[in-house]
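Engineer: sequence? don't have it. structure:
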């Protein structure tokens, strides 16, 4: 919302209007970033555009306080208040060289609960934004990057003999009051392209299908850890036969039924 | 006067030199007598920080009659110098031997304060320090700031092996174990009944698990220690004990950690759920409990998931 200085004569009716507006979910200005990060405004503009934005505690970004292994930091977004009424979810890490982690389209079955391992280049704010009826609702967390003495380099981390396991998928379903909680593990090096002489090679599309139709899908970026482990909650119960499908930027396709 | 002599003289004068920079950190170390001619210097139950200058681990020394034997030298050169001064406060004998119980930074980086001593460790410890030493030093500078000033890589240069070894005629029994760091030395002094466990035993401080080959291996080592005939236990962290209580307590922590990780993996819990779930009262009472649980989930949980979530054979860990 823009706020401009008003001429004195029109203040009284304006106050009335403002009081009425105060009862509505009014997006707050960028200056209200609870983490006061200098990068917030830049990525708000890049990822969220001109759409109104509101910081909201109902969007929880869950991380450890610090990254013990910066190559695989578990991050979860939980915002059950938005189940069934959000159209997109973005996750980004402000100080990563590749900030955006995923763009989630929940389609018909996706609920507002996602967990994934990510790479962390250094201490950074982590943001999740949910688009709901024309407003981005944003949750934040901060992860400290320096782990113990055995911390591994984040973006530079590489798997060694990935070709032995490449493309394997493991998937399981767990009952959940809201439907089904799915865990999926995909063996893939997820090379970021940031290491000299190693080309970008990463999974960029992930989808869950029911009866042959996509019911939730992601665009992924190379800040996802090698051998990604994903948890999503979908609204279908035990009778929903889900499949996992993914594709990398070299055109390899992965497909696995979820028992 | 050659360069070497100049350097030696500078080292001797270092604490006194006119116009010299103040020491990186004022350590106030108080050796506690734990048995005849045996002392321990207790570290704080904290993580490395600028406030504690890295004084977080225990060190110990035995005045053998043929020279002093030091077990672990702390996190920094400044700590090593302070330890050396504290030893000089209780005996005129020179430090002739330094043993590093394992390669972790809070136990070895004071080595540089004992240039004339023989510095010894298990071969696995020496190899692990070659692998991780530089990264450890970087972490020390990052975490401790000026308190780590001038701390360099001074690795052990002599191999130790399991069994009895005499240090200038003074016999000690050495045990080569591996549960905490992959290569862990425990030392039993048959004359006094003092057992120095290194970080195989934590006392009133949550155990740390980086480089552990696995919880089961560590618990086997604790069973080995519990079976020894000792009267006094000097742990790697926390106060001295006159009973095997800290061995059992460390085992109880590890048993709990195993159950928590296994139960989490079996029900498909994400890592953050395992970290954030409430802690039982007895576990929460350990200093740094949540911090070390967070680290242990990072170290171990993927292996537990392999076994108990995905049904794959356990990886041969690290």
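Structural biologist: Cool, got the structure. Keep in mind that this is a model prediction, so the values were computed, not measured. Numbers count the residues shown, from 1 in each chain, chains lettered A, B, ... in the order given.

Engineer: what's around residue A:41, how many residues?
Structural biologist: Neighbours of residue A:41 under the rule other C-beta atoms under 10 Å in any protein chain shown: 13. Backbone N, C-alpha and C define where each C-beta goes, glycine included.

Engineer: Spit out the contact partners of the residue nearest to residue A:37 when sequence neighbours are not counted.
Structural biologist: In space, residue A:37 comes closest to residue A:125 once its chain neighbours are excluded; the distance is 4.8 Å by C-beta to C-beta, 6 or more residues apart in numbering or on different chains. Each residue near residue A:125 by C-beta atoms under 8 Å, 6 or more residues apart in numbering or on different chains is listed here: A:35, A:37, A:39-40, A:93-95, A:140-142.

Engineer: Closest one to chain B out of these, please.
Structural biologist: Using C-beta to the nearest C-beta, residue A:141 comes nearest to chain B of the contacts of residue A:125, at 10.3 Å.

Engineer: On the strand side of things, show who the closest one bridges to.
Structural biologist: residue A:126 (DSSP bridges).

Engineer: Pretty sure it sits against residue A:64.
Structural biologist: No. Taking contacts as C-beta atoms under 8 Å, residue A:141 lies outside contact range of residue A:64: 9.6 Å.

Engineer: out of the two, which sits in the busier spot?
Structural biologist: Legend: neighbour count by other C-beta under 10 Å for residue A:141 and residue A:64, higher for residue A:64 (25 against 19).

Engineer: for the stretch 51-200 of chain A, what spans make up the helices?
Structural biologist: Ranges of helices in the stretch 51-200 of chain A, per DSSP state H, counting those that start in this stretch: none exist.

Engineer: Where do the strands of it begin and end?
Structural biologist: Along the stretch 51-200 of chain A, counting by DSSP state E, counting those that start in this stretch, strands occupy A:53-55, A:60-62, A:73-78, A:88-93, A:100-105, A:110-118, A:124-132, A:135-143, A:169-176, A:179-186.

Engineer: Could you check how far residue A:95 is from residue A:122?
Structural biologist: Residue A:95 sits 5 Å away from residue A:122, taking C-beta to C-beta, to the nearest Å as the criterion.

Engineer: Settle this for me: residue A:64 is touching residue B:292, isn't it.
Structural biologist: No. At 11.9 Å, residue A:64 and residue B:292 do not qualify as touching, with contact defined as C-beta under 8 Å.

Engineer: still on that earlier bit, how about CSV for the strands of the stretch 51-200 of chain A, with mean pLDDT added?
Structural biologist: Below are the strands of the stretch 51-200 of chain A laid out as CSV (pLDDT from 0 to 100):
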stretch, mean pLDDT
strand A:53-55, 96
strand A:60-62, 98
strand A:73-78, 97
strand A:88-93, 98
strand A:100-105, 98
strand A:110-118, 97
strand A:124-132, 97
strand A:135-143, 97
strand A:169-176, 95
strand A:179-186, 96
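
Engineer: possible to save those strands as TSV with distance to residue B:62?
Structural biologist: Converted to TSV, the strands of the stretch 51-200 of chain A look like this (distance: least, C-beta to C-beta, whole Å):
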stretch	distance to residue B:62
strand A:53-55	60
strand A:60-62	49
strand A:73-78	44
strand A:88-93	51
strand A:100-105	54
strand A:110-118	47
strand A:124-132	48
strand A:135-143	44
strand A:169-176	53
strand A:179-186	51
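
Engineer: so how many other residues sit close to the closest residue to residue A:259 other than its chain neighbours?
Structural biologist: Nearest residue to residue A:259, sequence neighbours excluded (C-beta to C-beta, 6+ apart): residue A:173, at 6.6 Å. Residue A:173: 20 surrounding residues under other C-beta under 10 Å.

Engineer: Run through the residues that contact residue A:173.
Structural biologist: Applying C-beta under 8 Å, 6+ apart, we find residue A:173 in contact with A:180-183, A:238, A:242, A:258-259.

Engineer: 6 Å instead, please
Structural biologist: Taking C-beta atoms under 6 Å, 6 or more residues apart in numbering or on different chains, we find residue A:173 in contact with A:180, A:182, A:258.

Engineer: Same question for residue A:65.
Structural biologist: Per C-beta under 6 Å, 6+ apart, neighbours of residue A:65: none.

Engineer: confidence score at the nearest residue to residue B:182 once chain neighbours are set aside?
Structural biologist: Nearest non-adjacent residue to residue B:182, counting by C-beta to C-beta, 6+ apart: residue B:211, 5.0 Å away. For residue B:211, the model assigns a pLDDT of 92.

Engineer: next one: the one 5 residues further on
Structural biologist: Listed pLDDT for residue B:216 reads 97.

Engineer: Kindly report the same for residue B:2.
Structural biologist: For residue B:2, the model assigns a pLDDT of 47.

Engineer: Tell me which stretches of the stretch 1-150 of chain B form helices.
Structural biologist: Per DSSP H, counting those that start in this stretch, the stretch 1-150 of chain B carries helices over the ranges B:3-13, B:77-88, B:105-108, B:123-144.

Engineer: Stretch A:162-169: how far from the chain's middle?
Structural biologist: Distance of stretch A:162-169 from the chain centroid (C-alpha atoms, centre = their mean, to the nearest Å) equals 25 Å.

Engineer: Quickly check: it near chain B or not.
Structural biologist: No. Using C-beta under 6 Å from any C-beta of the partner chain, stretch A:162-169 stays clear of chain B, with a minimum separation of 9.8 Å.

Engineer: cool, stretch A:112-120 as well?
Structural biologist: Yes. Applying C-beta under 6 Å from any C-beta, one finds stretch A:112-120 in contact with chain B at residue A:115.

Engineer: tell me which residues in that stretch are buried?
Structural biologist: By neighbour count on 16 or more other C-beta atoms under 10 Å in any protein chain shown, the buried set for stretch A:112-120 is A:112-120.

Engineer: Let me have those in a markdown table, extended by distance to residue A:162.
Structural biologist: Below are the buried residues of stretch A:112-120 laid out as a markdown table (distance: C-beta to C-beta, whole Å):
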| residue | distance to residue A:162 |
| --- | --- |
| A:112 | 32 |
| A:113 | 29 |
| A:114 | 24 |
| A:115 | 23 |
| A:116 | 19 |
| A:117 | 16 |
| A:118 | 18 |
| A:119 | 15 |
| A:120 | 21 |
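
Engineer: quick one: which of those residues is nearest residue A:131?
Structural biologist: Closest to residue A:131 out of the buried residues of stretch A:112-120 is residue A:112 (11.2 Å), distances taken as C-beta to C-beta.
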